[in-house]
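K.L.:
How does the following fold in three dimensions:
(one chain, ligands or ions: 1)
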Amino acid sequence: MSAVNHLIHGEQVAGTGRTADVFNPSTGEVIHQVALADRATIQQAIDSARSAFPAWRNTPPAKRAQIMFRFKQLLEQHEAAISKMISEEHGKTLEDAAGELKRGIENVEYACAAPEILKGEYNRNVGPNIDAWSDFQPVGVVAGITPFNFPAMVPLWMYPLAIVCGNCFILKPSERDPSSTLYIAQLLQEAGLPKGVLNVVHGDKEAVDALIEAPEVKALSFVGSTPIAEYIYSEGTKRGKRVQALGGAKNHAVLMPDADLDNAVSALMGAAYGSCGERCMAISVAVCVGDQVADAMIKKLVPQIKALKIGAGTSTGLDMGPLVTGAHRDKVKGYVDAGVAAGAELVVDGRGFSVAGNEKGFFLGGCLFDRVTPEMSIYKEEIFGPVLCVVRVNSLEEAMQLINDHEYGNGTCIFTRDGESARLFCDEIEVGMVGVNVPLPVPVAYHSFGGWKRSLFGDLHAYGPDGVRFYTRRKAITQRWPQRASHEAASFAFPSNG
Ligand code: NAD
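P.N.:
Numbering: from 1, shown residues only. Below is the predicted model:
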């Protein structure tokens, strides 16, 4: 069993204290021990980042971008190895792991445009012989804390952009599947990144608290569950830091009576059961407008859920792998038990599922509940597993009210052929990312990603244009160069063009 080390100042650094088990969820075996950083190790990473900052801040953006171009090439060359690592520790299928990596690479591509995206704004002659411009300067040392469900993509949402903006970055990935994250960070070193510009420290609450409390860390990007997002947002902002903290979700898909049902069902299958439902944009509630839609949809869904190809994440041609840990599988099962106890109708029960030869793996079959109501825990809470809940309503207005009343507002979608319904939905739904006949409306890298309500704490969304704003401070410069020296009398009125 090998150790997963920190990456500090361009070198792998072994842990000195506590460690955590990293499982292969397909077999249930512990395959690695990951170091859990203590405060001294976090300080080492901070010192490294601080020492790298002055030179990196003054490195031309075009040079920073060239490193990102090489990084993108290396990521593409190593796609197979990275996908295997993700799959081995997370459990998602190889194809799904490759998909997440590709979406991560899109963010590297966006970062390659550093000279363009960092262009300031300029006005000549805002007053007599006075020019004004705004500049976007780096924040300094910034930290990112990421979840287990996208060990490649979510870190790539953060540090390529933060780094091309001139910051130095400390990444604290999930301790549950850290290997691919570390491997990718090493590729960035290989691409020519100076030592200390990116440091990776593994850890748990102790490491995160040390990052929150360190005065040298000026900004925190977090992606994970809502209670931790709220904690990091409140503790970070209390200390005067910039924080963007993306949290959990409960994403609804509305099925209108005029929807193309076959395509909507295919879309729902992928969005509800892909990655075992462990996606913050997974569809976990299907809201059917009318009983006829619900009955027809369930009739088509049931055989497809029962036919899901579930197996060890690292095999090819699968629909679904295991859940990430045994504890998480048991938590999801607990929700299914609670749904049954609350009176929801369990149409497909995946609880007894196991994979021959991998009986100790953390598997769960696809589950489908009908007649779910808003007060049930399976409706209110994020399950983060392969469980789809069907709620029956009578109108689009009722469906939208249901979604708007939910505490989460990450993603949602509507399946319809009617432009008027789609437009009303897009205009008035209280959710940050909306799909029309698109089940997983994850914005591309040149837009920004973020939910509303208790799915995001902070003012700016992640990556894309909002990411650039988050990782830079605007400076407005007003400059006067009179054409010939002349004495000017003092003026006590506020300067204006009036
Ligand atoms: P998590 O909140 O358990 O962990 C996220 C990070 O926080 C990890 O790095 C973890 O080590 C750290 N952490 C855990 N407990 C902590 C504590 N007490 N104090 C400080 N830090 C702590 O989340 P997870 O289980 O890894 O990921 C799944 C969650 O992430 C889901 O809720 C999912 O919806 C959410 N998520 C949201 C988005 C989004 O963009 N909104 C994207 C991906 C995942």
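
K.L.:
Residue 15 reaches residue 42, doesn't it?
P.N.:
No - here residue 15 does not reach residue 42: they are 12.0 Å apart, not a contact under C-beta atoms under 8 Å. Where you see a C-beta, it was placed from the backbone N, CA and C, and this is true even at glycine.

K.L.:
which one of these two has more residues nearby?
P.N.:
Each of residue 15 and residue 42 has its neighbours counted (other C-beta atoms under 10 Å); residue 42 has more, 27 against 21.

K.L.:
what about the nearest residue to that one once chain neighbours are set aside, which SS state?
P.N.:
Here the nearest residue to residue 42 in space, its sequence neighbours aside, is residue 210; by C-beta to C-beta, 6 or more residues apart in numbering that works out to 3.9 Å. Local secondary structure at residue 210 is given as helix here, using DSSP: H, G, I helix; E, B strand; the rest coil.

K.L.:
show me what contacts residue 210?
P.N.:
Shown in contact with residue 210 (C-beta atoms under 8 Å, 6 or more residues apart in numbering): 37-39, 42-43.

K.L.:
residues in contact with the residue in the stretch 1-150 of the chain that the ligand sits nearest to?
P.N.:
Among the residues of the stretch 1-150 of the chain, residue 147 lies closest to the ligand, at 3.1 Å counting by C-beta to the nearest ligand atom. Contact criterion C-beta under 8 Å, 6+ apart gives 154, 174, 223-225, 280 as the residues in contact with residue 147.

K.L.:
Where neighbours are concerned, which of the residues you listed has the most?
P.N.:
When neighbours are taken as other C-beta under 10 Å, the top entry among these is residue 154 (29 neighbours).

K.L.:
list the buried ones in stretch 50-67?
P.N.:
Using 16 or more other C-beta atoms under 10 Å as the burial criterion, the residues of stretch 50-67 that qualify are 52-53, 56, 61, 64-65, 67.

K.L.:
now it: mean pLDDT?
P.N.:
On average, the pLDDT along stretch 50-67 is 98.

K.L.:
do the same with stretch 473-486
P.N.:
Stretch 473-486 shows an average pLDDT of 86 in the prediction.

K.L.:
Tell me the span between the first and last residue of that stretch.
P.N.:
Across its full length, stretch 473-486 reaches 35 Å between end residues, using C-alpha to C-alpha, to the nearest Å.

K.L.:
ditto for stretch 303-318
P.N.:
Between the opening and closing residues of stretch 303-318 lies a distance of 16 Å (C-alpha to C-alpha).

K.L.:
Give me the contacts around it.
P.N.:
Outside stretch 303-318, the residues touching it (C-beta under 8 Å, 6+ apart) are 25-27, 84, 87-88, 90-95, 97, 265, 269, 273, 319-322, 348, 350, 353, 355, 358, 361, 363, 365-368, 388.

K.L.:
list the buried ones in it?
P.N.:
By 16+ other C-beta under 10 Å, the buried positions in stretch 303-318 come out as 304-305, 308, 310-314, 318.

K.L.:
any chance of those residues in TSV, with pLDDT too?
P.N.:
Rendered in TSV, the data for the buried residues of stretch 303-318 read as follows (pLDDT from 0 to 100):
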residue	pLDDT
304	98
305	98
308	97
310	97
311	94
312	90
313	81
314	82
318	95
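
K.L.:
Poorly predicted segments of the protein, please.
P.N.:
Counting by pLDDT under 70, the chain contains low-confidence ranges at 485.

K.L.:
Closest to the centroid, which residue in it?
P.N.:
Centre of the chain computed as the mean C-alpha position; nearest residue by C-alpha atoms, centre = their mean is residue 154, 4.5 Å away.

K.L.:
In this protein, what residue lies closest to the ligand?
P.N.:
residue 224 (2.6 Å).

K.L.:
now that residue, nearest residue through space, not along the chain?
P.N.:
The spatial neighbour of residue 224 that comes closest, neighbours along the chain excluded (C-beta to C-beta, 6+ apart), is residue 147 at 4.3 Å.

K.L.:
just residue 256 next, same as before
P.N.:
In space, residue 256 comes closest to residue 416 once its chain neighbours are excluded; the distance is 4.0 Å by C-beta to C-beta, 6+ apart.

K.L.:
Was I right to think the one you found contacts residue 426?
P.N.:
No - the pair residue 416 and residue 426 does not pass the contact test of C-beta under 8 Å, sitting 11.1 Å apart.

K.L.:
So between the two, which is more surrounded?
P.N.:
Neighbours were tallied for residue 416 and for residue 426 using other C-beta under 10 Å; the higher tally belongs to residue 416 (22 against 14).

K.L.:
Now do the contacts for the more buried one.
P.N.:
With contacts defined as C-beta under 8 Å, 6+ apart, the neighbours of residue 416 are 254, 256, 258-259, 422, 425, 436-437.

K.L.:
Next, it: phi, psi?
P.N.:
Backbone torsions of residue 416, given as degrees, to the nearest 10, read phi -160, psi 160.

K.L.:
just residue 60 next, same as before
P.N.:
Summarising the backbone geometry of residue 60 under the convention degrees, to the nearest 10, its torsions are phi -60, psi 140.

K.L.:
which ones are touching it?
P.N.:
If a contact means C-beta under 8 Å, 6+ apart, then residue 60 has residue 115 as its contacts.

K.L.:
how close does it sit to residue 164?
P.N.:
In this structure, residue 60 and residue 164 are separated by 11 Å, where distance is defined by C-beta to C-beta, to the nearest Å.

K.L.:
just residue 405 next, same as before
P.N.:
40 Å.

K.L.:
Could you single out the nearest of the contacts of residue 210 to residue 453?
P.N.:
Proximity to residue 453 was ranked across these by C-beta to C-beta; first place goes to residue 42, at 31.7 Å.

K.L.:
before we move on, the earlier item: what sits in contact with each of residue 416 and residue 426?
P.N.:
Counting by C-beta under 8 Å, 6+ apart, the common neighbours of residue 416 and residue 426 are residue 436.

K.L.:
correct me, but residue 29 touches residue 23?
P.N.:
Yes - contact between residue 29 and residue 23 holds when scored by C-beta under 8 Å: they sit 6.7 Å apart.

K.L.:
Can you give me the distance of the closest residue to residue 477 other than its chain neighbours to residue 101?
P.N.:
Leaving aside its sequence neighbours, residue 477 sits nearest to residue 133 (C-beta to C-beta, 6+ apart; 5.6 Å). Separation of residue 133 from residue 101 (C-beta to C-beta) stands at 38 Å.

K.L.:
Same question for residue 292.
P.N.:
Distance check for residue 292 against residue 101: by C-beta to C-beta, it reads 41 Å.

K.L.:
more crowded one of those two?
P.N.:
Remark: of residue 292 and residue 101, residue 101 carries more neighbours, 24 against 10, as counted by other C-beta under 10 Å.

K.L.:
Just to check, the more buried one is in contact with residue 79?
P.N.:
Yes - checked against C-beta under 8 Å, the pair residue 101 and residue 79 is within contact range at 6.0 Å.

K.L.:
if we can go back for a sec, if I've got this straight, the residue nearest to the centre of the chain is in a helix?
P.N.:
Yes - under the criterion used here (three-state DSSP), residue 154 sits inside a helix.
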